[in-house]
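Q: the following block contains a protein sequence and its predicted model.
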Amino acid sequence: MSSTMLPPPSTTYNNADELLQNALETILQNLQSKYQNWPEHQQAATREALNNMINAPVIVLQNPQIIHTRGRPSGSSNH
């Protein structure tokens, strides 16, 4: 699904939720139209991937915490 169709930039939205909802609907419509033409094994893999994303624990879906280190550890080849 690399070619995601999003609404045109000139579209006006009342708030961010409406924008996200519209983007999600567009993506789902695009998926549905392409899904019908895929072979059964690709449809099954897509269903499994979507099911895994939907049922994943919330912590998996959140951005990981980025820890800033102080550079390369001592003893490394470029230290």
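A: Yep, it's here.

Q: for the rest of this, base every contact and every neighbour count on C-alpha atoms.
A: Fine.

Q: for this structure, which helix is longest?
A: Criterion DSSP state H: the longest helix present in the chain is helix 16-35.

Q: ok now stretch 41-55, how far from the chain's centre?
A: With C-alpha atoms, centre = their mean, to the nearest Å as the basis, stretch 41-55 stands 13 Å off its chain's centre.

Q: tell me which stretches of the chain form helices.
A: Going by DSSP H, the chain shows helices at 16-35, 40-55, 58-61.

Q: pull up the distance across stretch 53-71, start to finish.
A: Stretch 53-71 has an end-to-end distance of 34 Å (criterion: C-alpha to C-alpha, to the nearest Å).

Q: mean confidence for that stretch?
A: Mean per-residue pLDDT for stretch 53-71: 75.

Q: over to stretch 20-40?
A: Stretch 20-40 comes out at a mean pLDDT of 94.

Q: buried stuff in that stretch?
A: 23, 26-27, 30 (16 or more other C-alpha atoms under 10 Å).

Q: redo the residues you listed as JSON lines? Include distance to residue 44.
A: JSON lines is the format used below for the buried residues of stretch 20-40 (distance: C-alpha to C-alpha, whole Å):
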{"residue": "23", "distance to residue 44": "24"}
{"residue": "26", "distance to residue 44": "22"}
{"residue": "27", "distance to residue 44": "18"}
{"residue": "30", "distance to residue 44": "17"}
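
Q: which of the residues you listed sit farthest apart?
A: Greatest spatial distance in the buried residues of stretch 20-40: 23 and 30, 10.6 Å, computed using C-alpha to C-alpha.
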